[in-house]
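Undergrad: Need a 3D model of the sequence below.
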Amino acid sequence: MKKIALIVTFLFTTTQIYAQKIGVVDTNYVLSKLPQYKEAENRLNTQIEQWRSDLQKLQAEYERKREAFENEKVLLVGDQLKLREKEIVDLEASVRNTIGARFGSNGEVNQLRSNLTKPYQDQIWNAIKTVSTKNNLGIVLDKSNNISVIFLDKKYDYTEAVLNLLVKTLPKAEENKTNAPSNSNGKTGGKITPRAKAQKRGGVEASK
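TA: Presented below is the predicted three-dimensional model:
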């Protein structure tokens, strides 16, 4: 009887697992469609490019001074030789430290990227939770999180539902900033005031 009870329990548990409604969300796609995230990512990429440029200049300085030292060290003696050697060693250490501090696994780039994505990850999580509750989902997989999806029926893909929910909760100021039309001078569009109309009309008459 115990064996039969265990089998029944196992079958019931397995049935419950398979009975769970599963959904899939591509969080990378959702992030790429958020205006605030794209703006913050652009600022981050600008900072990274600046750091890369600084590093390249530092490396170029090191290579230039090291090559000069190699060519001139036969002429150097005593304190001159020691000072030049120390300068090269310090520059080499500076290059290594800069690479580690900014581009290493725990460097500033990864820290800034983590700080960038964290608030949006929280928002996406809350949106996924809301969509899951609304659609009675028991399991939600992240398609962008190293999960190989060979085939996916569209009815199980809730990416757009999550994105639409997030867009609805965007701050109004950000939406206005993002969707503001521009005129030919690059200024935000708006109504033409009576004074502007008069000025425009006067300009036309003067040109006749």
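Undergrad: For the most centrally placed residue in the chain, what is the enclosing helix or strand?
TA: With distances taken as Cα atoms, centre = their mean, the residue of the chain nearest its centroid is Glu41 (4.5 Å). Taking DSSP states H and E as the definition, Glu41 sits inside helix 35-72.
Undergrad: tell me which residues in that helix are buried?
TA: Going by neighbour count (16 or more other Cβ atoms under 10 Å), the buried part of helix 35-72 is Gln36, Tyr37, Ala40, Glu41, Leu44, Ile48, Trp51, Gln59, Tyr62, Arg66. For every residue, glycine as well, the C-beta is placed using N, CA and C.
Undergrad: who are the neighbours in contact with the fifth one?
TA: Counting by Cβ atoms under 8 Å, 6 or more residues apart in numbering, Leu44 touches Leu112, Arg113, Leu116.
Undergrad: What are the boundaries of the helices in this protein?
TA: 2-19, 27-32, 35-72, 78-103, 108-134, 159-168, 172-179, 194-207 (DSSP state H).
Undergrad: Let me have those in TSV, adding distance to Asp142 and mean pLDDT as columns.
TA: TSV is the format used below for the helices of the chain (distance: least, Cβ to Cβ, whole Å; pLDDT from 0 to 100):
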stretch	distance to Asp142	mean pLDDT
helix 2-19	19	42
helix 27-32	5	90
helix 35-72	16	94
helix 78-103	27	95
helix 108-134	9	90
helix 159-168	10	90
helix 172-179	25	42
helix 194-207	51	45
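Undergrad: Distance to Leu141 for these - can I get that in TSV?
TA: Listed next are the helices of the chain as TSV, based on distance: least, Cβ to Cβ, whole Å:
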stretch	distance to Leu141
helix 2-19	14
helix 27-32	10
helix 35-72	21
helix 78-103	32
helix 108-134	11
helix 159-168	11
helix 172-179	29
helix 194-207	55
